[in-house]
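Engineer: sequence first, then the predicted structure:
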Amino acid sequence: MGILTGGVVAAGGVLMAVLMALSAPMRGSETGLGGMALPQAAAVGALGLALGAILAVEGVRWRRGIPAAPFRPRRVGWLWLAFAVLLTAGTVASVLNAPPVLMALFHAPTLLLLPVLVLSLVGWGLRGRGGSWADVRSGLLSGALLGTGIALVIEVALIVLLAVGLFALGLLPQEWLQQAPQALTTGEIPFPIGVEDLLEVLTPPLILVALVLIGGLVPLVEEVTKTLGVGLAGLWLRPSPARAFLLGVASGAGFALAENMLNSLFVGPTWGPGVLARLAATVMHCATGGLMGWGWGQWWAGRRPWRLPLAFGGAVMLHSLWNSCAAGLVLSGLIALARADNLVWTGAAGLLMLTLLGLLFLLAWGAAAATLWASYRLGQL
């Protein structure tokens with residue numbers, strides 16, 4: 001069954017990638033989507049193949065009754081070397097405006113490596129005393145398929161409801177609503193996307209709604225769904241703290257993997273910084289996933305069940321702070337571009353961008369350090 005399901009998932013990913021690549025010319029080059037379509041299509045295809053391969057491996061293991069080996073990755077230095085080579089080569093190619101076909105060769109493998117790198121560090125800290133390779137594969141599948149799928153449905157529903165409310169209140173142009181059916185059939189954006197036009201639409205009430213969605217509702221939804229599989233598995237697994245932590249980290253890695261591959265619309269000179277930003281986001285997702293996994297382990301152990309809501313609150317707070325800083329960074333960048341002729345506005349926006357970048361940097365390093373410390377401590381139990 002696992003082999004068949006894996007084949008279906010892999011075939012679905014490849015088919016979606018082909019359709020995305022073929023639809024690129026239809027979207028035109030004015031929005032820049034044409035140049036992003038091929039690397040994005042390659043990422044989607046690679047995601048389908050990766051998840052299909054994991055499902056197939058698990059199917060073979062169950063069919064043959066192969067016991068799961070402890071998760072203790074060895075000789076992972078070559079993974080970091082491969083990442084450094086891909087990042088350097090891809091950055092140089094993007095700066096030189098390489099064709100989309102060449103960028104696709106760098107794009108998908110580099111993004112695939114990001115959760116693998118974080119998991120390798122967690123495995124080093126646990127030293128095989130947590131879960132198994134099967135736990136890691138199960139967590140990856142749970143986060144990428146179950147967590148991402150449920151979160152996507154809920155978030156789309158929230159966006160639609162908020163959009164309807166904004167149109168009803170007159171906070172969004174009515175012509176956008178009138179042109180929406182045509183946009184769904186043609187794939188063309190029915191409104192201007194220049195910086196000046198965006199800032200005219202982004203009124204203070206709309207910015208507040210966006211921050212509530214991005215910094216409040218989205219983290220709440222994703223932290224509920226990301227480790228939902230871990231919570232359900234605890235019904236029969238009753239995992240130890242170290243194993244529950246590893247399952248949570250793997251679920252966060254799977255969620256980040258799907259998010260990275262489906263949300264990687266960065267090309268040109270922004271490719272290298274975009275990859276590093278996705279690496280930092282992967283660390284954040286793994287850290288909050290590990291925290292939630294540990295909380296689920298405490299819940300099922302029955303010793304300190306109150307630690308689960310405490311862990312959930314901490315995960316949501318970290319995720320919310322991360323998303324709010326990222327949204328503020330984008331907004332200040334738009335202001336800096338739109339007010340480039342005003343030194344006061346440009347300076348203020350630049351200072352805010354540096355502050356938010358510094359905060360994101362500290363959050364990423366803090367999340368990485370906390371995850372490694374927790375791995376080491378749990379590996380000693």
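Structural biologist: That came through fine.
Engineer: okay, domains of this protein per the record?
Structural biologist: 1-67, 70-379 (automatic domain parsing).
Engineer: how about the ones you listed in CSV, adding mean pLDDT and mean neighbour count?
Structural biologist: In this view, the C-beta of every residue, glycine as well, is placed from N, C-alpha and C. Formatted as CSV, the domains of the chain follow (pLDDT from 0 to 100; neighbours: other C-beta atoms under 10 Å):
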stretch, mean pLDDT, mean neighbour count
domain 1-67, 78, 17
domain 70-379, 88, 18
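Engineer: what's the distance between stretch 99-116 and the middle of its chain?
Structural biologist: Remark: stretch 99-116 is offset 15 Å from the chain centroid, using C-alpha atoms, centre = their mean, to the nearest Å.
Engineer: er, stretch 339-359 I mean
Structural biologist: Taking the mean of its C-alpha atoms, stretch 339-359 sits 27 Å from the chain's own mean (C-alpha atoms, centre = their mean).
Engineer: likewise stretch 235-255?
Structural biologist: With C-alpha atoms, centre = their mean, you get 18 Å for stretch 235-255.
Engineer: now it - C-alpha only, CSV.
Structural biologist: Extracted C-alpha coordinates of stretch 235-255, given in CSV (Å, rounded to 0.1, in the frame of the first residue of the first chain):
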residue,chain,number,x,y,z
LEU,A,235,-2.6,7.4,21.3
TRP,A,236,-0.7,4.1,20.7
LEU,A,237,3.0,5.0,20.7
ARG,A,238,3.2,6.7,24.2
PRO,A,239,6.6,8.1,23.1
SER,A,240,9.4,8.9,25.5
PRO,A,241,10.4,12.6,25.7
ALA,A,242,13.3,12.2,23.3
ARG,A,243,11.2,10.3,20.8
ALA,A,244,8.3,12.8,21.0
PHE,A,245,10.8,15.6,20.5
LEU,A,246,12.3,14.0,17.4
LEU,A,247,8.8,13.3,16.0
GLY,A,248,8.0,17.0,16.5
VAL,A,249,11.2,18.2,14.9
ALA,A,250,10.6,15.9,11.9
SER,A,251,7.1,17.1,11.6
GLY,A,252,8.3,20.7,11.6
ALA,A,253,10.9,19.8,9.0
GLY,A,254,8.2,18.2,6.8
PHE,A,255,6.1,21.3,7.1
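Engineer: hmm, Val136 is touching Leu246, no?
Structural biologist: Yes. Proximity of Val136 to Leu246 meets the contact threshold set by C-beta atoms under 8 Å, at 6.8 Å.
Engineer: who touches both of these two?
Structural biologist: Common neighbours of Val136 and Leu246, using C-beta atoms under 8 Å, 6 or more residues apart in numbering, are Phe71.
Engineer: Leu237 and Ile159, how far apart?
Structural biologist: 35 Å (C-beta to C-beta, to the nearest Å).
Engineer: check contacts around Arg238.
Structural biologist: Trp300, Ala301.
Engineer: for it, grab phi and psi.
Structural biologist: Per-residue torsions, Arg238: phi 50, psi 60 (degrees, to the nearest 10).
Engineer: for Leu169, give me the backbone phi and psi.
Structural biologist: Dihedral angles for Leu169 - degrees, to the nearest 10 - are phi -80, psi 0.
Engineer: from Thr227, how far off is the nearest residue to Ala69 once chain neighbours are set aside?
Structural biologist: In space, and not counting its chain neighbours, Ala69 is closest to Trp133: 5.3 Å by C-beta to C-beta, 6 or more residues apart in numbering. Counting by C-beta to C-beta, the gap from Trp133 to Thr227 is 19 Å.
Engineer: same thing with Asn97?
Structural biologist: Distance of Asn97 to Thr227, given as C-beta to C-beta: 41 Å.
Engineer: so Leu321 touches Leu363, yeah?
Structural biologist: Yes. Assessed by C-beta under 8 Å, Leu321 is found in contact with Leu363 at 6.6 Å.
Engineer: where does Glu155 land in three-state SS?
Structural biologist: helix (DSSP: H, G, I helix; E, B strand; the rest coil).
Engineer: quick one, what contacts it?
Structural biologist: Each residue near Glu155 by C-beta under 8 Å, 6+ apart is listed here: Leu217, Val218, Val221.
Engineer: what is whichever strand or helix holds the second one packed up against?
Structural biologist: So the one you mean is Val218. Using DSSP states H and E, Val218 sits within helix 218-225. Packing partners of helix 218-225 (3 or more C-beta pairs under 8 Å, 6 or more residues apart in numbering; DSSP states H and E): helix 148-168, helix 307-338.
Engineer: CSV for these, including distance to Gln380?
Structural biologist: Shown next, in CSV, are these (distance: least, C-beta to C-beta, whole Å):
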stretch, distance to Gln380
helix 148-168, 33
helix 307-338, 19
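Engineer: out of the ones you listed, which is closest to Leu140?
Structural biologist: With C-beta to C-beta as the criterion, Leu140 lies closest to helix 148-168 of the helices and strands packed on helix 218-225, at 11.1 Å.
Engineer: could you say which helix or strand holds the closest residue to Gly45 other than its chain neighbours?
Structural biologist: Nearest in space to Gly45, with sequence neighbours left out and distances taken as C-beta to C-beta, 6+ apart, is Ala17 at 3.2 Å. Element membership for Ala17, per DSSP H and E: helix 2-22.
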